[in-house]
Each structure stands twice: as C-alpha cells, then as structure tokens.
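Chemist: requesting a structural model of the entry that follows:
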Amino acid sequence: MLSMLIIPINEKLMGFTMKEKIVFPGDKLSTSEELLAGDGTYDDEGIIRAARLGKYEVNTNAHAATVKPFTSIPVVVQKGDTILAEVRSVRSSMIIADVIHVIGKKRDISGDTNGTLHISEISTSYVKDPESVFSLGDVFRAKVIQVDPSLQLTTKGASYGVIKAFCTECRNTLERKKSVLECTVCGHKEKRKTAQDYGEFDLSKM
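Modeler: Residues are numbered from 1 along each chain as shown. The predicted model follows:
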C-alpha cells in the first residue's frame, strides 16, 4: 500500500476527468527537489503536502504542486450535515478541528469552519483521553449537532470517526491492521476512533 493516499476517480464523479486526483490535507504530493509548494500546498521539511481537500494539479509553468478547491461557490454548514474535518488541536476534554468539506455539497465552505468535538461525543464507548483516539492531522467524518453559538460535532456511531490518519513518527499514511492502525513504512502502531470504512471510503458519497 502506498504511504500516501491520492485517489483517482472516474469522470462521472464530481465532474472530474480520469487524470485528475483528489487529495486530503497532509497527503504527500512530491518533494521540494521535484516541485515547489504552490497554492493549497505546503513544504514540510522537504516534502510537499496538501494543505486542503481538493484536486491535485501540477502548474508546469511555475513548476509547482497545487491543490484546487472543488468550486468557488460557498456553502454554509448546517445542523445535521455530515462533514469531513481535520484535527488541529487535541486537548484533555475535546478536539478542535477545521471543517474541510460538507458531504453531498461539492462546494467550498463559508463562515466559521472551526468545530469542537467534546470527549463525550467521540464514541458511545468510554473514552478516557481524546489523545488516545485522535491525533493532529487526522481527517475524520462527523455529524454537526450544533452551529450556534459554536460549531459542535459528534463521531458517535460506526459510520463516523477517522477515515485517514498519519503516523505520528514519520507522517506516512496508517493502514488498518485488524483493531489497530500500522505504518507500512516504519512499522509504528497506533489506535484511533475509526469509521467503519477507514481507508475504503466511497468518494461518490462526498
């Protein structure tokens, strides 16, 4: 399994062509020796990574990697929406995350995209510490349970949880191995509150 997840999709899906690829925040796109970090990407100690969910392209004129959002038409996050979010901070009682996509609404998000996942909303099972089941950079599926005065999320249920995680040792993608996630590069094993389709999620449902 490749250490990064860049998923080709068919031309009927989201209006893209066979040659276009969808990438997630944190995905390895190239190295700084091969390409520069362009719009929607960043340089992580010589590794060019995606900074957002979107379409990966190479700007041949600038010799740079870019990640373009699906479209410029904004969408407002609403209560009941199923979203994808990226973990920005792990605290003792909560996860702070950026909402990066509203599933079923193939558009950029407008307004406040900063959401909170409280420890009580992580799982139907007891969770002692959010850090034991989430890590920085994880991409997870959640449901919006509140939008005002602040965006609140839940990952209770089998369909919600981490859909993509990165090794805390080497930042390569973790692969599911029974009840744990394992890095195929360095062998490090970790635990997450994963969605049932971790690593096999259906892009047509995005």
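Chemist: what strand or helix carries Lys143?
Modeler: Secondary structure from DSSP states H and E places Lys143 in strand 139-146.
Chemist: next, the buried residues of that strand.
Modeler: Across strand 139-146, burial judged by 16 or more other C-beta atoms under 10 Å covers Val139, Phe140, Arg141, Ala142, Lys143, Val144, Ile145. No exception for glycine: its C-beta is placed from N, CA and C like everyone else's.
Chemist: which among those residues gets closest to Tyr42?
Modeler: Nearest to Tyr42, judged by C-beta to C-beta, of the buried residues of strand 139-146 is Val139 at 15.8 Å.
Chemist: go ahead and confirm that closest one touches Val23.
Modeler: No - applying C-beta atoms under 8 Å, one finds Val139 not in contact with Val23, separated by 10.7 Å.
Chemist: alpha carbons only: can I get stretch 170-181 in PDB?
Modeler: Presented in PDB, the C-alpha positions along stretch 170-181 are these (Å, rounded to 0.1, in the frame of the first residue of the first chain):
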ATOM      1  CA  CYS A 170       7.100   9.600  10.200                       C
ATOM      2  CA  ARG A 171       3.800  11.200   8.900                       C
ATOM      3  CA  ASN A 172       3.100   8.400   6.400                       C
ATOM      4  CA  THR A 173      -0.500   7.100   6.000                       C
ATOM      5  CA  LEU A 174      -1.500   4.500   8.500                       C
ATOM      6  CA  GLU A 175      -3.100   1.200   7.300                       C
ATOM      7  CA  ARG A 176      -5.800  -0.700   9.200                       C
ATOM      8  CA  LYS A 177      -4.500  -3.900  10.700                       C
ATOM      9  CA  LYS A 178      -7.400  -5.600  12.500                       C
ATOM     10  CA  SER A 179      -8.000  -3.400  15.600                       C
ATOM     11  CA  VAL A 180      -5.000  -1.100  15.200                       C
ATOM     12  CA  LEU A 181      -3.500   1.200  12.500                       C
END
